[in-house]
Structures are given as C-alpha cells and as structure tokens.
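Chemist: model this:
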Amino acid sequence: MSFSSRMTGELGARHSRGPLSRIKAHIAALPPGDRFIAGALAVFVVFASLYALSGVRDLVMVTVPSYGGSLTEGIVGSPRFVNPLLALSDADRDVTALVYAGLMRENSDGELIPAIAESYEVSPDGLTYTFTLRPGTTFSDGTPVTADDVAFTVEKAKDPALKSPEFANWAGVTATAVAPDTVEFVLEKPYASFLENATLGILPKHLWEEEAPEQFPFSPLMTMPVGAGPFVIDSVSRNTKTGIIESYELSAFDDYALGRPYLDRIRLVFFAETGDLLSALSRGSIDSAYGARTETALSASYSRVFGVFWNASANPLFARKEVREALSRTIDREKIAGSTLGGFASPLAGPVPPGSGIETTPIPDATSAITDATATLEEAGWEYDIDARAWKHAEEGLTLAVTLKTSNVPELKAVASQVKTDWERLGVPVTIELYEPGDLSQNVIRPRRYEALLFGMVIGRDHDLYPFWDSAERNDPGLNISLYANARVDELVERMRTSFDEEARRADLQTVNDLIAADFPAAFVYAPEFLYAVPEGLRGIELPQITSPSDRFSSVRNWYRYTEKVWPLLSE
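Modeler: So this is what the prediction gives:
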C-alpha cells in the first residue's frame, strides 16, 4: 500500500469516527439494559440543547404587533351625516373619525401632531400657518390628497349656506393652495388654538365640488364617504323598512398616510337604545362600546360639561334669574355624580370641567337646597299655591313648571329622572320628553325648540368657550344653546382666542367661569368620566383626554389582536 493511500484510509477512518459515531459505538458496546438508558439520555441531551437554544432566541427576539383580526363595535344612534363638516351626532363623528383624516391629529398624550401633513410653520405674528402635505398621501379611491382639497374643505366650512357646525372655527381664515403639496392659512387675528382646527377631516374636492351646499345632506357620499383616514367603508346595511343604517363594514386602508392599521376589519353596529347595546355586549355579539361599565373597561378624563340649558326665547319664564337660580340650587349634584352615575362623574356647578387649572364653582349644599331655593323665589314675589301644587307669581300671572327635553339614552334618562325628583321636592311640576340622539340634534337643538334642555357641551383641550358662550353663536349652527349674551364674557372669550400667554388665558378663563356661573344661564350638573368597554384580547389602545367620544379612535391604527417575534433590528 502506498503512503498516500494509507493516509487517505486513515483520514477516512478518523472522519468516520466523529463525535456522534464514537457515541454510537460506545452505546453499542454496552449491555442491552445500559444501552437503552444511555440512548434515552443522549436523546434528552439533544432536545435539552435545542430547547436552550430556542430560549436564547426568545430572550433576544422581541414581540411586536402583527396584522390581522377584527373588531365589532356597538354604537347608540344611527349615522346620517358621515362628513367632517356636518357630523352632528356621536354616531356621525365616530364613523367620520375612522374614514377621514386631517392635517393634524391628537396623540395619546393629548398633543397635536402632524397626520396627513408632514410639517407646518407658524409666522412670528401668529397670523400665517403653512402646512406641507405628507408625500404619497391619497384618498381611499386612490386620488392624491392635494392642497386644493384642503382649501376646498375650509371654504365649504365657511359657506353660510352649508350651516356647518365648523363655521365659527374657520370664520376669518383664508386658505390658499400655494403649491400642490403646500397650503397656507391666513388669520385675521391670532388664534391660540388654531392647530386644533387643523384636525378637521379633509374632503376630496373632485367628488364634492359639483354638489350645491343644500344638496350636501342628500349626497350618497354622506353615508358612503371617501376619505384619507385609517379605514375604508366596504358596505352598509340598512333596515329594509326605514332605510336607517344598521351596520357598516370597514377594512384597513393599506395606503393610510401614517401606515396601514394592524386590524384588518372593523364592523360598526348601531342600536336605537343603549339597553339593546348593553345586551349585545353581554351576549358577546359585539366586542366593544363606550359608556359601558365592564371589568375590562378603560377610563379617561372627559372634557364634557352636562347641565340643563335654559331657552328664554321659547319660554320667557326662564328669562327670570330667580327661577333659573332656584332650579339650579335644588339639583342634588353629589347624588347624581355618586349613586345615579355610579361614581363615574364629578359634580359641577360652573361651565368649566375639573382639571382646567382654575377654581371651579362651589357645589350648592344639598341639605339646605330647598330652603335656599324657596327663599330665592319668595324674595322675588313667588308664592306656593298648595291647592294648585305649584309656584305662582300673582303680579305677573305666572306658574312655574318645566318641560325638560333630553336624549333617550340611559345616562341622561337617569339624570333627568333625578332632576325631576329634585325639582318636584321644591314643588315644581316637571314633564320629561325623550328623543333619539339624531332627532334631538336635528329637530330640537338646531331649531332651538326647547325651554329646558339636558345636554352636554364638548369643551376642547384648550378650553375655548367662544363657540358655547359668545353671543354671536346663539343661532344655528352656533353652539350657544342657552342663547346667552353678556358683553363682558364676549370680550373675554374673544381675547382668550388670540392670546398665547397661558397665565393670562387662565385668568380670563377664571373670570368667564365666575361670570357665567353667577348668571345661571344653565344649571350645570356634572362632568362625566369616559368609559370604554373593550375585549380582553385587544391591545395597543391608548386613550387621550376625551373631548368627543370619537377621540377614542385617535390611536386605532395601533390597535392589534395578534403578535409575532422578530429580531430587534426588524422591529425598528
């Protein structure tokens, strides 16, 4: 045998007797019983090693949200105006928030950050805001979002013929498309909260420009809209007899400016009654709903003020301050916030909610409420007629009675019932009239057909009270539903809008609060806590301070059902 062939044979023999071969050989040489034990031990060692390696991998890899899954959300009321310029009810605003997007949006910390805008600049004098649009942003029909769409939306908001609730926010603002991706806003005077306006959803000009303002409410786009928001409406289901919308099917918008949402689908189911919604939630036919108390419900501060708003134009009785004051003092706010609302509210006696950085109006003492209210009425010439069981003002020929109108939802029905009880303790007859939310907005509030209205005001993050208390906002589409007029309050709420000095704004807010509370244009009752019942497996929800229930969708792009493990480099 040659040297080379001998070496090749030796190397081959050594190679064939590697670690695994040697282990096999050793096991084969053992007695049968020992051979079984050694074999089992070898198998265990191999699997233990693999498990250890997988554990190391799990320690190194990170868990991230994964795409997929769906959510079925229940909502009280039925949408009629899914349009950022005309949305009136909570149902309208909920769908609008999912389908439309604005230049700015709110993050989970309550800060306003760019959405379909990429950036913005503000001139030193605070009169000019210039926004640059995010490249590649499109509407759900694939049409690019341009500065023309933004300018068109603002011009429609300012159109008196449209009667948009957004009218007051854009009066005195000129919007100009200075380039396809650049829009400039010029204000007549500085407005400290202007960026809040820029959250307004943008309409696609190419679909709406041929619609006359009076035809907007009747357009098919009002219920099957095209927007640039995180979700797209795929289909709508209507009641075959009434035509009322019963549900929407939405899917994730792949080209959403901030990235495709993790959830594939959202189904919105609409209920006429809150009781029906709560039953559906308990049965599991819907996954989530706001305003419901469950073990997994999330909570957030709520910038809403609920009270009874008087309309002296509908009934001159409420032009009399002693009547407004007596009725306001009689309401047991502590009881309403505690037992009626289960402790998920704060009692309130002024127009500004708690947490606003000012001294809130003291709550009247419930133990002396009837005595104090009786004295207030008697000092103004009222006498209680035992036979008629009512307060009468003989000199004026007046009888004190109240017709209270409100929304047919459990929370407000319960509060209205307690208010009725409190007023009847004073000897004031009360009639309660309930309306479905959409009907209340359209046929009661807008035409101002009420003498006493139990309702809630949505106070923005910036506590801008102008839309609710400036005398210029008394008529529809203004939001001054008490038809309140006070020259000093007008001066202050207008000054607050133009001031960037936080201390000065807070001082003015305190004065406005005190002036309004002293005039009793409304009987302020409570500020609620926002509750959102969600399923246990839904993650990524971050609730900001809530000004409108639709704010719960501010982080909807980040909600997710599933997760996956990836290497850290891929998670960034």
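Chemist: Can you report how many residues neighbour the nearest residue to residue 321 once chain neighbours are set aside?
Modeler: In space, and not counting its chain neighbours, residue 321 is closest to residue 520: 6.2 Å by CB to CB, 6 or more residues apart in numbering. C-beta here means a position set from N, CA and C on the backbone, and glycine is covered the same way. Residue 520 has 21 neighbours, counted by other CB atoms under 10 Å.
Chemist: Over to residue 333?
Modeler: 26.
Chemist: Hmm, it is touching residue 422, no?
Modeler: No: taking CB atoms under 8 Å as the definition, residue 333 is not a contact partner of residue 422, at 9.5 Å.
Chemist: Let's see the pLDDT reported for the residue nearest to residue 321.
Modeler: Here, the pLDDT recorded for residue 520 equals 98.
Chemist: for residue 357, same thing?
Modeler: Model confidence at residue 357, given as pLDDT, is 88.
Chemist: Spell out which residues make up each domain of the chain.
Modeler: The chain breaks down into these domains under automatic domain parsing: 3-60, 70-297+534-571, 301-320+327-373+401-529.
Chemist: Pipe these into a markdown table and attach distance to residue 389 per row.
Modeler: Formatted as a markdown table, these follow (distance: least, CB to CB, whole Å):
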| stretch | distance to residue 389 |
| --- | --- |
| domain 3-60 | 75 |
| domain 70-297+534-571 | 33 |
| domain 301-320+327-373+401-529 | 7 |
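Chemist: Worst mean pLDDT among the ones you listed?
Modeler: Among the domains of the chain, domain 3-60 carries the lowest mean pLDDT, at a mean of 54.
Chemist: Extract the C-alpha trace of the longest strand along the chain and format it as PDB.
Modeler: Determined from DSSP state E, the single longest strand within the chain is strand 522-533. What follows is strand 522-533, C-alpha atoms only, in PDB (Å, rounded to 0.1, in the frame of the first residue of the first chain):
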ATOM      1  CA  ALA A 522     -77.700  76.800  32.700                       C
ATOM      2  CA  ALA A 523     -77.900  74.600  35.700                       C
ATOM      3  CA  PHE A 524     -74.500  72.800  35.400                       C
ATOM      4  CA  VAL A 525     -74.700  69.300  36.900                       C
ATOM      5  CA  TYR A 526     -71.700  67.100  36.200                       C
ATOM      6  CA  ALA A 527     -68.600  66.200  34.200                       C
ATOM      7  CA  PRO A 528     -68.600  62.500  33.300                       C
ATOM      8  CA  GLU A 529     -65.700  60.100  33.200                       C
ATOM      9  CA  PHE A 530     -65.200  58.400  29.800                       C
ATOM     10  CA  LEU A 531     -65.600  54.600  29.900                       C
ATOM     11  CA  TYR A 532     -64.700  52.300  27.000                       C
ATOM     12  CA  ALA A 533     -65.500  48.600  27.300                       C
END
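Chemist: out of the domains of the chain, nearest to residue 388?
Modeler: Smallest distance to residue 388 across the domains of the chain (CB to CB): 9.4 Å, for domain 301-320+327-373+401-529.
Chemist: what about residue 109, distance to residue 286?
Modeler: 29 Å (CB to CB, to the nearest Å).
Chemist: Then residue 491?
Modeler: In this view, residue 491 and residue 286 are 48 Å apart by CB to CB.
Chemist: If you count surrounding residues, which of these two has more?
Modeler: Counted by other CB under 10 Å, residue 491 and residue 286 do not tie: residue 286 has more neighbours, with 24 against 13.
Chemist: What is the burial count for the closest residue to the more buried one other than its chain neighbours?
Modeler: Leaving aside its chain neighbours, residue 286 sits nearest to residue 74 (3.9 Å; criterion: CB to CB, 6+ apart). Look at residue 74: counted by other CB under 10 Å, it has 26 neighbours.
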